[in-house]
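Trainee: Provided below for reference: sequence and predicted model.
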Amino acid sequence: MPLTNNPTLDTGTPPRRRWRHLAAAAGIGALTITALVAAPAAASHPEVSLPGSNFEIDTDANLKVDDPAPSIDWASVNEVRKADAPTGSGDDSFGQGSKEDTPVPTVVDGSIPPNKSDLLNFGLYLEEAAAGDFLHLFWHRVQEPSGTTNMDFEFNKSEVVSANGVTPVRTAGDLLIQYDLAQGGTNPQLFLSVWVTSGASSQCEASNSVPCWGDRVNLTAGGNATGSINTSAIPAAESDGLGPISPRTFGEATVDFDVLGGTGCVAFGSAYLKSRSSDSFTAALKDFIAPTATGLNNCGALKIVKTKKHAASVPSTQPHAGVVFGITGGSLPAGTTATTDANGVACLAGIESGSYTVTETVPTGYAVTSANPQTATVVEDTTCETATPVTFTNMPLTNITVSVDSQIPGGTASTIDCDAAADPPFDATTDPVTGDGSFSLNDKVPGTYVCTVVVDP
């Protein structure tokens, strides 16, 4: 059963999700989450920003902040930004007829004709505002291509690289945000598709079989996205390091992130930008900017480490495999369990942050010497490698038996005392006829136990 909810296409009012600061990979930048609790800024110039967002989506797109705080724009935030390979023979692109539904698009080298939208840069930024979470996107290209324009932002959960050595393996729930701009237009339409891997082909936007990108949902028409392009030149001094930008070569957009993420936790390891030869969904893919880490992860991991004492081994404390733990909390289904591996480790990844109760099913022959159950705290943006574990320890149990055997039947009488209570009575006395008797202490953890035997008192 999956532990991370797939994104939904619900365009109703989604539940609020709170985010903490998420860092992207070193050297790439950071997707900074800022708690902007002030009311949205009032614009002094034309904007098409989403209600509740403080990010300026200018009618004539730019990167500078035009209004007082709390307004923000690309020049005032620390976004994830990725540049394309230099234009020319070394620029990578998609080829051999690769299309959106191609699970592993073919990567080739070679210059992209300007009329096919040669890309330069893209950027991502996640804003946390009082009204909700907003994902902001920008693209930057060499020059305006002829004909219709399309740029797609693909978000992938998996960090495993596909057979082409560049793009990630697609998994169910990956997202495709499509930025469509008709010829001569300035107001893009934004669409969303989700990668589906099972079920009927009728859910596919274009393909006749799964896996495929699902039916497109118009985010703009639903009031869940907005965007614009630059109709005026942007001087280098106002481009936030992108250099001089010609008209119609820079576009930006905002998407309501709750619509993308659904009600569960969300984890997208990487994203990349690509262009198509037209706005037809089945058109051939052209240029792309290789994937970069996003830091979009409010999921976490619950890690359990289990050890046992074993006197015959060196060291005496050993990993304990095959131990079952029951886990409750968050949105986990009833009966969720995890079992330790050969390293004595069990882990649930991709679950919501918060508190969970972990209960060990104690193996036969052992006693728990740590608290049971324990409370585990799952922290956002953690994995099985980085999560702080909860640790359980067990000790093996021993049965102790003390006995006396009179060599002459009835010749001696004895008492056995293995507790600290006042005597008499004793723990055991011998049979008056045989003079024999015994006493057992069962299920004892390692320690020192003293038994006093008095013969023929």
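Mentor: Noted; the coordinates are in hand.
Trainee: what's the nearest residue to Ser44 if we skip its chain neighbours?
Mentor: Take Ser44 and drop its neighbours on the chain: the residue closest to it by Cβ to Cβ, 6 or more residues apart in numbering is Asp67, 5.5 Å away. Heads up, the C-betas are built off the backbone N, CA and C, glycines and all.
Trainee: swap that for Thr317, please
Mentor: Thr307 is the one closest to Thr317 (Cβ to Cβ, 6+ apart), at 5.1 Å.
Trainee: which ones are touching that neighbour?
Mentor: 317-320, 344, 391-394 (Cβ atoms under 8 Å, 6 or more residues apart in numbering).
Trainee: Using the record's assignment, carve the chain into domains.
Mentor: For the chain, whose domains are defined here by automatic domain parsing, the residue ranges read 22-297, 299-396, 398-455.
Trainee: okay but Leu348 is in contact with Phe325, surely?
Mentor: No - Leu348 is beyond contact range of Phe325, at 9.7 Å (criterion: Cβ atoms under 8 Å).
Trainee: Count the neighbours of Asp419 for me.
Mentor: Neighbourhood size, Asp419 [other Cβ atoms under 10 Å]: 14.
Trainee: Please state the backbone phi and psi of it?
Mentor: The phi/psi pair for Asp419 (degrees, to the nearest 10) reads phi -130, psi 180.
Trainee: Please name the nearest non-neighbouring residue to it.
Mentor: Asp427 (6.2 Å).
Trainee: residues near the one you found, how many?
Mentor: 18.
Trainee: per-residue confidence at it?
Mentor: At Asp427, the model reports a pLDDT of 91.
Trainee: can you check Thr4 too?
Mentor: 34.
Trainee: can you check Leu50 too?
Mentor: We have a pLDDT of 96 for Leu50.
Trainee: separation between it and Lys99?
Mentor: 31 Å (Cβ to Cβ, to the nearest Å).
Trainee: Comparing those two, which residue is more hemmed in?
Mentor: The neighbour count for Leu50 versus Lys99, taken as other Cβ under 10 Å, is higher for Leu50 (23 against 18).
Trainee: How about the contacts made by the more buried one?
Mentor: With Cβ under 8 Å, 6+ apart, Leu50 has these contacts: 57, 134, 223-226, 254, 256.
Trainee: repeat for Ser207
Mentor: So Ser207 contacts 101, 201, 213 (Cβ under 8 Å, 6+ apart).
Trainee: burial count for the last one?
Mentor: For Trp213, the number of neighbouring residues by other Cβ under 10 Å comes to 26.
Trainee: likewise the first one?
Mentor: Neighbourhood size, Asp101 [other Cβ under 10 Å]: 20.
Trainee: Could you pull up phi and psi at the residue nearest to Ser209 when sequence neighbours are not counted?
Mentor: Nearest non-adjacent residue to Ser209, counting by Cβ to Cβ, 6+ apart: Ser201, 5.1 Å away. Backbone torsions for Ser201, taken as degrees, to the nearest 10, come to phi -70, psi -10.
Trainee: Check the spatially most central residue of the chain and give its pLDDT.
Mentor: The residue lying closest to the centre of the chain (Cα atoms, centre = their mean) is Ala267, at 3.4 Å. Ala267 is assigned 85 on the pLDDT scale.
Trainee: could the contacts of Ser207 be laid out in a markdown table, adding distance to Ala237 and pLDDT?
Mentor: Listed next are the contacts of Ser207 as a markdown table, based on distance: Cβ to Cβ, whole Å; pLDDT from 0 to 100:
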| residue | distance to Ala237 | pLDDT |
| --- | --- | --- |
| Asp101 | 42 | 95 |
| Ser201 | 52 | 95 |
| Trp213 | 40 | 98 |
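Trainee: which of the domains of the chain is buried the deepest?
Mentor: Most buried of those, by mean neighbour count (mean count of other Cβ atoms under 10 Å): domain 22-297, with a mean of 19.
Trainee: what about that one, distance to the chain center?
Mentor: 20 Å (Cα atoms, centre = their mean, to the nearest Å).
Trainee: for stretch 429-442, same thing?
Mentor: 63 Å.
Trainee: my read: Ile234 touches Phe250, true?
Mentor: Yes - using Cβ under 8 Å, Ile234 makes contact with Phe250 at a distance of 6.4 Å.
Trainee: what touches both of the two?
Mentor: 62-63, 242.
Trainee: out of the residues you listed, which are inside helices?
Mentor: Secondary structure from DSSP state H places none of the shared contacts of Ile234 and Phe250 in helices.
Trainee: ok, these vs Val378, which is closest?
Mentor: Closest to Val378 out of these is Leu63 (36.9 Å), distances taken as Cβ to Cβ.
Trainee: So, low pLDDT: which residues of this structure?
Mentor: For the chain, the stretches flagged by pLDDT under 70 are 1-42, 89, 111-116, 147, 183-185, 262-263.
Trainee: isn't Val259 right up against Asn224?
Mentor: Yes - contact status for Val259 versus Asn224: in contact at 4.6 Å, counting by Cβ under 8 Å.
Trainee: re the thing from before, my guess is the residue nearest to Ser44 meets Asn54, correct?
Mentor: No - here Asp67 does not reach Asn54: they are 9.2 Å apart, not a contact under Cβ under 8 Å.
Trainee: now the helices for the stretch 201-350 of the chain?
Mentor: Along the stretch 201-350 of the chain, counting by DSSP state H, counting those that start in this stretch, helices occupy 257-261.
Trainee: Quick one: residues contacting the closest residue to Thr102 other than its chain neighbours.
Mentor: Using Cβ to Cβ, 6+ apart and skipping residues adjacent in sequence, the residue nearest Thr102 is Leu285, 7.7 Å away. Residues near Leu285 by Cβ under 8 Å, 6+ apart: 94, 98-100, 102, 105, 274-277.
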